[in-house]
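build me a structure from this.
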Amino acid sequence: MRTALDAMGFADWIVPGRRRRNIALSLDRVADAARSTPQTDALDTRRAELWNILCDASRNTLRLLLIGGDDRIDWALRRQLWRINDARLVVLFWWMLLYQLALFNNRSIEGYDPADDMDALYDIARAFVVSEFSRMDIASEPPGAWAENWRQQFTLESAMALYNHTYILLGIRGDLTRRIEHVSRFTTATEREFDRMKRAIGR
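All right, here's what the predicted structure looks like:
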């Protein structure tokens, strides 16, 4: 993968406001690319609707982590944006999609059954990240999920693994005490947001 400085340029590295704007624009592009993936893979209308909802949730959550706006969703990444290039942003979005799938698997949504829908949604998420790596002409395969048994994990386990893998990807050394606090607050906030989304879908 290219370095963050190669991807964003020196001016973005030294101007935080400009860097945040560019990250936000890149995140929107990645989310739009993810939303367009079902059209090429012929997901049925019902699953495509859920897929778009999960893409939007992934974008919103990742935006809060990287740009800010909700102190409950804060992993101390906002001063680390210089570490993020296009490829790493795609990986982070891919992992956030898997986290949303973990929420879906644990909390379900009326009208959907994780036992029936998880495989199709995972396949489209994988197709998205493979397509993005190919578009960026990256020779290596995209990383997998954080664990082989990720579908069997509770939400808190998934959040902790996502946090750990994010820090490893970005080369950040974390503090154990802060990690526990960050992950706990993140899990509570994202579970509440997922449940709010469930209620909105059911109306």
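
over to the residue nearest the centre of the chain: give its phi and psi.
Closest to where the C-alpha atoms of the chain average out (C-alpha atoms, centre = their mean) is M96, at 2.1 Å. Reported as degrees, to the nearest 10, the phi and psi values for M96 are phi -70, psi -30.

now do it, the pLDDT please.
The model reports M96 with a pLDDT of 98.

the chain should start at 20 in everything you say after this.
In the new numbering, first residue 20, that becomes M115.

I'd say it and N79 touch.
No - using C-beta atoms under 8 Å, M115 is not in contact with N79; the gap is 9.6 Å. Where you see a C-beta, it was placed from the backbone N, CA and C, and this is true even at glycine.

measure N168 to N41 for me?
To N41, N168 is 36 Å away according to C-beta to C-beta, to the nearest Å.

where does pLDDT dip in the protein?
In the prediction, the chain carries residues with pLDDT under 70 at positions 20-35, 58-61, 221-222.

now with 90?
Along the chain, the parts satisfying pLDDT under 90 run over 20-39, 56-66, 87-91, 98, 129-130, 158, 192-196, 217-222.

residue ranges for the helices of it, please.
Assigned by DSSP state H, the helices in the chain fall at 23-27, 29-33, 35-60, 64-85, 105-126, 133-154, 174-189, 195-221.

could you dump those to a markdown table with distance to D93?
Formatted as a markdown table, the helices of the chain follow (distance: least, C-beta to C-beta, whole Å):
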| stretch | distance to D93 |
| --- | --- |
| helix 23-27 | 20 |
| helix 29-33 | 22 |
| helix 35-60 | 15 |
| helix 64-85 | 7 |
| helix 105-126 | 15 |
| helix 133-154 | 25 |
| helix 174-189 | 11 |
| helix 195-221 | 7 |
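
any idea which of those helices is most buried?
Highest mean neighbour count among those (mean count of other C-beta atoms under 10 Å): helix 105-126, with a mean of 22.

quick one: that helix to helix 195-221, angle?
Helix 105-126 and helix 195-221 meet at an angle of 70 degrees, taking axes from the mean of the first three to the mean of the last three C-alpha atoms, to 10 degrees as the criterion.

what helices and strands are in contact with helix 105-126?
helix 23-27, helix 35-60, helix 64-85, helix 133-154, helix 174-189, helix 195-221 (3 or more C-beta pairs under 8 Å, 6 or more residues apart in numbering; DSSP states H and E).

let's see it at 7 Å
helix 35-60, helix 64-85, helix 133-154, helix 174-189, helix 195-221 (3 or more C-beta pairs under 7 Å, 6 or more residues apart in numbering; DSSP states H and E).

gap between the third one and the chain center?
Right, helix 133-154. 13 Å (C-alpha atoms, centre = their mean, to the nearest Å).

which residues sit against it?
52-53, 56-57, 60, 62, 66, 70, 109, 113, 116-117, 120, 123-124, 127, 161, 170 (C-beta atoms under 7 Å, 6 or more residues apart in numbering).
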